[in-house]
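A.B. asks: The following comprises the amino acid sequence and a computationally predicted model.
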Amino acid sequence: VAERAARWRHFVLRSAALLEATIDFADEEVPVDVHPEVNDLLNIFCGELIKELKGQSAAERLRNGFEVAILGAPNAGKSTLLNHLAGRDVALTSDIPGTTRDIVEVRYDLDGIPVTFLDTAGLRTSSDEIEILGIERAVQRAANADIRVLLWTSDWVCPEVLENLIDVRVAAKVDNGSGISGLTGNGVDELLITLSSALSERVVDVGVLSSERQFDCMSMALDHVERAQSILREQLGDELAAEALRDAAHSVDSVIGAMDTETVLGEIFSQFCIGK
């Protein structure tokens, strides 16, 4: 953490020093336009930190388990697939549509990655108040899941609210060929390989921030730097941008140590021929 945070600290410190040099020592030997370098430094800072913060989300999922929601119409074979994955009957299966009302969860070790599969209520238009509540819960939980697997059938239309969220589509109740069947196991291994590949990519980007406090501090630092970028972009004044960077510096301070006014001045004097 310290090594990477020190790098980010340098970007903020250098950017603040460049801007404050133009403000406080305008009559001295200071580059006329420091903004290109400042913009480059802040772009690198934001790019690296955004990736890091996303990695922390993956790290939390790695600890608690990724969620994979199984979606589809009633009787699309969702509960049967879940039972196949669990190796036992954990979800009630029936030919009667609307059997699944609550979300049923199964923990699964997917090539060393903890996964929770979610069996959700069949998605359809219904007049049953309890079933409607189950469908609403299914949609909400699916929206928050890491991956959404749709078991589709030719006579069913995916609700618009989920259309753009689906990650994996596979034909339902296909005993042989291209599709999936929890009853026969057809296509299950292929689905698990697809999910393992997708989740492995996220695990690779696991971040180095070790606590929720560090995550919060660096999130605040990113907010402040993005505010500084907006100020510079809209030409609202180097003073306001430098102030935003000082706020960012304080947030980084909370992770690796102090960055006070003397530190910024030291950077200014080390970079420019001021007062010499």
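C.D. replies: Done, it's in.
A.B. asks: Show me where the stretch 1-150 of the chain has its strands.
C.D. replies: Along the stretch 1-150 of the chain, counting by DSSP state E, counting those that start in this stretch, strands occupy 66-72, 104-110, 113-119, 147-152.
A.B. asks: quick one, which of those strands is packed in tightest?
C.D. replies: Of all those, strand 66-72 carries the top mean neighbour count, a mean of 25, counting by mean count of other Cβ atoms under 10 Å. To be clear about C-beta, it is placed using only N, CA and C from the backbone, and glycine gets the same treatment.
A.B. asks: Not counting its own residues, what contacts it?
C.D. replies: 61, 78, 81-82, 113-120, 122-123, 138, 141-142, 144-153, 156, 162, 166, 172, 195, 199, 202 (Cβ atoms under 8 Å, 6 or more residues apart in numbering).
A.B. asks: if we can go back for a sec, with distance to Asp247 and mean pLDDT added, can I get the strands of the stretch 1-150 of the chain in JSON lines?
C.D. replies: Listed next are the strands of the stretch 1-150 of the chain as JSON lines, based on distance: least, Cβ to Cβ, whole Å; pLDDT from 0 to 100:
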{"stretch": "strand 66-72", "distance to Asp247": "34", "mean pLDDT": "90"}
{"stretch": "strand 104-110", "distance to Asp247": "42", "mean pLDDT": "88"}
{"stretch": "strand 113-119", "distance to Asp247": "37", "mean pLDDT": "89"}
{"stretch": "strand 147-152", "distance to Asp247": "37", "mean pLDDT": "92"}
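A.B. asks: out of those, nearest to Met218?
C.D. replies: Met218 lies closest, by Cβ to Cβ, to one member of the strands of the stretch 1-150 of the chain: strand 66-72, at 22.8 Å.
A.B. asks: Name the spans of the stretch 101-250 of the chain whose pLDDT lies under the cut-off.
C.D. replies: Applying pLDDT under 70 to the stretch 101-250 of the chain flags the ranges 101-102, 124-128, 131-132, 161, 204-212.
A.B. asks: Would you map the helices across it?
C.D. replies: Taking DSSP state H, counting those that start in this stretch, the helices of the stretch 101-250 of the chain run over residues 129-144, 160-163, 188-204, 212-233, 238-256.
A.B. asks: who wins for proximity to Ala21 among the ones you listed?
C.D. replies: Of all these, helix 238-256 comes closest under Cβ to Cβ, at 9.8 Å.
A.B. asks: Who are the packing partners of the closest one?
C.D. replies: The helices and strands touching helix 238-256, judged by 3 or more Cβ pairs under 8 Å, 6 or more residues apart in numbering; DSSP states H and E, are helix 2-24, helix 212-233.
A.B. asks: Run the chain-centre distance for that helix.
C.D. replies: 24 Å (Cα atoms, centre = their mean, to the nearest Å).
A.B. asks: what's next to that helix, contact-wise?
C.D. replies: 1-2, 5-6, 8-9, 12-13, 15-16, 19-20, 22-23, 38, 209, 213-214, 217-218, 220-222, 224-225, 227-228, 231-232, 259, 264.
A.B. asks: Let's see that helix as CSV, backbone CA atoms only.
C.D. replies: C-alpha atoms of helix 238-256 as CSV (Å, rounded to 0.1, in the frame of the first residue of the first chain):
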residue,chain,number,x,y,z
ASP,A,238,-5.6,28.1,-10.3
GLU,A,239,-6.2,29.1,-6.7
LEU,A,240,-9.4,27.0,-6.5
ALA,A,241,-7.7,24.1,-8.3
ALA,A,242,-4.8,24.2,-5.9
GLU,A,243,-7.2,24.2,-2.9
ALA,A,244,-8.9,21.1,-4.3
LEU,A,245,-5.5,19.4,-4.6
ARG,A,246,-4.7,20.4,-1.0
ASP,A,247,-7.9,18.7,0.0
ALA,A,248,-6.8,15.6,-2.0
ALA,A,249,-3.4,15.7,-0.3
HIS,A,250,-5.1,15.6,3.2
SER,A,251,-7.0,12.5,2.1
VAL,A,252,-3.8,10.8,1.0
ASP,A,253,-2.2,11.9,4.2
SER,A,254,-4.7,9.7,6.1
VAL,A,255,-3.2,6.7,4.3
ILE,A,256,0.5,7.2,4.4
